[in-house]
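> Sequence and predicted model, in that order:
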Amino acid sequence: MADVFDRLVARLEAAQADFRVLEHVPEGRSGQISKIRGNLPSQAAKAMVVAVKTAEGRKFVLAVLPGDRRVDFSGIAKAIGGKKAALAAPEEAKRLTECEMGAVPPFTFSDELILVVDPNLLAHDRIAFNAGRLDRSMFLSTASYLAVAKPRVAPIAG
């Protein structure tokens, strides 16, 4: 099976999305990678796996928010009708995303992950993110992101 980067490129090319790839030194911290890429921290898509308690049991969310914001766990729980939310265990996050932390793109390839994006990220014409690897990033038009990823949009950042 192809790695996350290759699957993401294939998905974006198939959709004729407006994107470009940038190779750089390995980095996964939001503030540092934004400096390397030359993007605003507010247009960097930070993706985190969150476990949410719901009436039906535990569900997982890939929460995508601007790199300069903090995650709002109650907002994530509310977005999917849950009661309580917390970061997923690192091994669970890695299993669900097939990525090391810091490299998770704002897309999911797992039926177990509900994709939710904060509307503040969508205020930019383009978003930037690590693309499944710590040494590869993408700049993607926001319109292409919404068309290809089809995320739920909800206020999940504080």
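Great, that's in hand. Numbers count the residues shown, from 1 in each chain.
> Would you mind pulling the contact partners of the helix ranked longest in the chain?
In terms of residue count, the longest helix belonging to the chain (DSSP state H) is helix 4-14. With contact meaning CB atoms under 8 Å, 6 or more residues apart in numbering, helix 4-14 is reached by 2, 19, 21, 97-99, 103, 105, 107, 109, 131-133, 136, 138, 140, 144, 148. In short, each C-beta sits where N, CA and C put it, glycine included.
> how about a cut-off of 6 Å?
By CB atoms under 6 Å, 6 or more residues apart in numbering, the list of residues contacting helix 4-14 from outside reads F19, E98, C99, P105, A131, G132, R133, R136.
> any chance of the residues you listed in a markdown table, with secondary structure too?
Below are the contacts of helix 4-14 laid out as a markdown table (DSSP: H, G, I helix; E, B strand; the rest coil):
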| residue | secondary structure |
| --- | --- |
| F19 | strand |
| E98 | coil |
| C99 | coil |
| P105 | coil |
| A131 | strand |
| G132 | strand |
| R133 | strand |
| R136 | strand |
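> Which of those residues sits closest to G158?
Closest approach to G158 among these (CB to CB): P105, at 22.3 Å.
> Low-confidence stretches in the protein?
For the chain, the stretches with pLDDT under 70 are 1-2.
> what are the ranges of the helices in this protein?
Going by DSSP H, the chain shows helices at 4-14, 30-37, 73-79, 90-97, 142-149.
> highest average neighbour count across the ones you listed?
helix 73-79 (a mean of 20; mean count of other CB atoms under 10 Å).
> ok, the residue nearest the centre of the chain - contacts?
Among the residues of the chain, the one closest to the centroid is P106, at 2.4 Å (CA atoms, centre = their mean). By CB under 6 Å, 6+ apart, the contact set of P106 is A45, A47, V64, F129.
> What of L113?
When contacts are counted by CB under 6 Å, 6+ apart, L113 touches F60, L62, L96.
> try V116
So V116 contacts V61, A63, A79, R152, A154, I156 (CB under 6 Å, 6+ apart).
> Out of those residues, which comes closest to L115?
Nearest to L115 among the contacts of V116, counting by CB to CB, is R152 at 6.7 Å.
> From L96, how far off is the closest one?
17 Å (CB to CB, to the nearest Å).
> Extract the C-alpha trace of stretch 147-158 and format it as PDB.
Provided in PDB are the C-alpha atoms of stretch 147-158 (Å, rounded to 0.1, in the frame of the first residue of the first chain):
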ATOM      1  CA  ALA A 147     -14.200  19.900  -2.300                       C
ATOM      2  CA  VAL A 148     -11.800  17.000  -1.800                       C
ATOM      3  CA  ALA A 149     -11.800  16.400   1.900                       C
ATOM      4  CA  LYS A 150     -15.500  17.200   2.500                       C
ATOM      5  CA  PRO A 151     -15.000  18.000   6.300                       C
ATOM      6  CA  ARG A 152     -17.600  19.000   8.800                       C
ATOM      7  CA  VAL A 153     -17.100  22.600   9.700                       C
ATOM      8  CA  ALA A 154     -17.600  23.500  13.300                       C
ATOM      9  CA  PRO A 155     -16.000  25.900  15.900                       C
ATOM     10  CA  ILE A 156     -13.400  23.600  17.500                       C
ATOM     11  CA  ALA A 157     -10.600  26.100  18.200                       C
ATOM     12  CA  GLY A 158     -10.100  28.400  21.200                       C
END
